[in-house]
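> compute the structure for the input listed below.
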Amino acid sequence: MRILALESSCDETAAAVVEDGRKVLSSVIASQVEEHRLYGGVVPEIASRRHCEAIVGVTQKALDDAGLTLGEIDAIAVTYAPGLIGALLVGVNFAKGLALSSGKPLVPVHHLRSHIAANYITSPELEPPFLCLIVSGGHSHIVQVKDYTDLHVLGRTRDDAAGEAFDKAARAMGMPYPGGVEMDKRAQGGDPDAFKLPHPTVDGAPYDFSFSGLKTAVINLIHNAEQKGQTLPVEDLAASFRKAVVDCLVKNFVKAARDTGSRKLAIAGGVSANTLLRSRLEQECRNRGWKFYMPERNLCGDNAAMVGSQGFYEYISGNVAGLDLNACAAMAVDQNR
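All right, here's what the predicted structure looks like:
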């Protein structure tokens, strides 16, 4: 089964053709990073306009690269939640137009479920059940993937997401957007024990995260140094901050795995590309004899291939939408439409 997938939840306009949920026939991404870098972050109005400009060309290229016509596609999948509402609406309305004109089924796909599905492309042998840590700019979740469309959230962030904390802390250190990527690079040459930073926990919720206090601590550290005319070693600060975030993520994730008896773990989302997080979890799982899965780095960020993968499982589970489908800015990953 061949699915044409569309993704426009933030600042990447993407289209892909995926066969049977695992084989990527084409994947095209039009990134807006350079433009948003001028403003230090994503400007929603600009993102929506660029999606409008790019979506037709990106979709046609995905079909051309796959060597297929729209008539040879079996279904059309689209990210409809969560994300920037204006950006989502571009993809949803374009997908509805394609479905109406072609007579193909329209499959609504949750963005975070798509990130999980990136692992199905990288590791075709992976099947539920397993435990997944979703870490991105807007989300930090520990999720039990009971089946492809049956998920249960065990833990989540109470304030900032891990990716958001990385980006804001990196900006305070003078790094360009996207800060999390730059911080990961700069941290490679730093001392992770140079600065003692807090490791926040949530009372009564051992799987939940809290990164706001950690982010504020490093920003205050920078501001205090500036007021005294001091220059902090950026590489050391970046390494210390990265270690603190990863410590929190790994600790809660491993605890959730132990408590639930999970022996098969995966990570997903933009922050799953972080080198320290990948290596730490790989080592933790190896030490315990657990299986560990992570997407290829080119599948960690937003893309349509992951939408096509999850779209296949949504379709075979009967999740098909009508032309009344609407975008939704916020929706839990374990919530069905």
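
> can we go C-alpha only for contacts and neighbour counts from here?
Will do.

> now the phi/psi pair for residue 209, please.
Main-chain dihedrals, residue 209, degrees, to the nearest 10: phi -120, psi 160.

> what does the helix or strand containing residue 152 rub up against?
Assigned by DSSP states H and E, residue 152 falls within strand 150-156. With contact meaning C-alpha atoms under 8 Å, 6 or more residues apart in numbering, strand 150-156 is reached by 139-146, 205-209, 256, 333-334.

> same thing with stretch 163-174?
In contact with stretch 163-174 (C-alpha under 8 Å, 6+ apart) are residues 40, 135-139, 176-180, 182-183, 211-212, 215, 218-219, 222, 234, 238, 242, 270-271.

> among those residues, which are in strands?
residue 135 (DSSP state E).

> returning to what we had before: by neighbours, which of the contacts of strand 150-156 wins?
For the contacts of strand 150-156, the largest number of neighbours (other C-alpha atoms under 10 Å) sits with residue 140, at 28 neighbours.

> what about that one, distance to residue 248?
Using C-alpha to C-alpha, to the nearest Å, residue 140 is found at 11 Å from residue 248.

> so what sits against both of those two?
By C-alpha under 8 Å, 6+ apart, the residues touching both residue 140 and residue 248 are residue 209.

> kindly export stretch 21-40 (C-alpha atoms) in PDB.
Output of stretch 21-40 as PDB, limited to C-alpha atoms (Å, rounded to 0.1, in the frame of the first residue of the first chain):
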ATOM      1  CA  GLY A  21       4.500   1.700   6.500                       C
ATOM      2  CA  ARG A  22       8.200   0.800   6.300                       C
ATOM      3  CA  LYS A  23       9.700   1.500   2.800                       C
ATOM      4  CA  VAL A  24      10.300   5.100   1.900                       C
ATOM      5  CA  LEU A  25      10.000   5.600  -1.900                       C
ATOM      6  CA  SER A  26      10.600   9.300  -1.700                       C
ATOM      7  CA  SER A  27      11.000  12.100   0.900                       C
ATOM      8  CA  VAL A  28      11.300  15.800   0.200                       C
ATOM      9  CA  ILE A  29      11.700  18.600   2.800                       C
ATOM     10  CA  ALA A  30      11.700  22.300   2.200                       C
ATOM     11  CA  SER A  31      13.300  23.900   5.300                       C
ATOM     12  CA  GLN A  32      12.700  27.400   6.600                       C
ATOM     13  CA  VAL A  33      15.500  27.300   9.100                       C
ATOM     14  CA  GLU A  34      17.700  30.000   7.500                       C
ATOM     15  CA  GLU A  35      14.800  32.500   7.400                       C
ATOM     16  CA  HIS A  36      13.700  31.900  11.000                       C
ATOM     17  CA  ARG A  37      17.300  32.100  12.200                       C
ATOM     18  CA  LEU A  38      17.100  35.900  11.600                       C
ATOM     19  CA  TYR A  39      14.500  36.100  14.400                       C
ATOM     20  CA  GLY A  40      16.000  33.600  16.800                       C
END
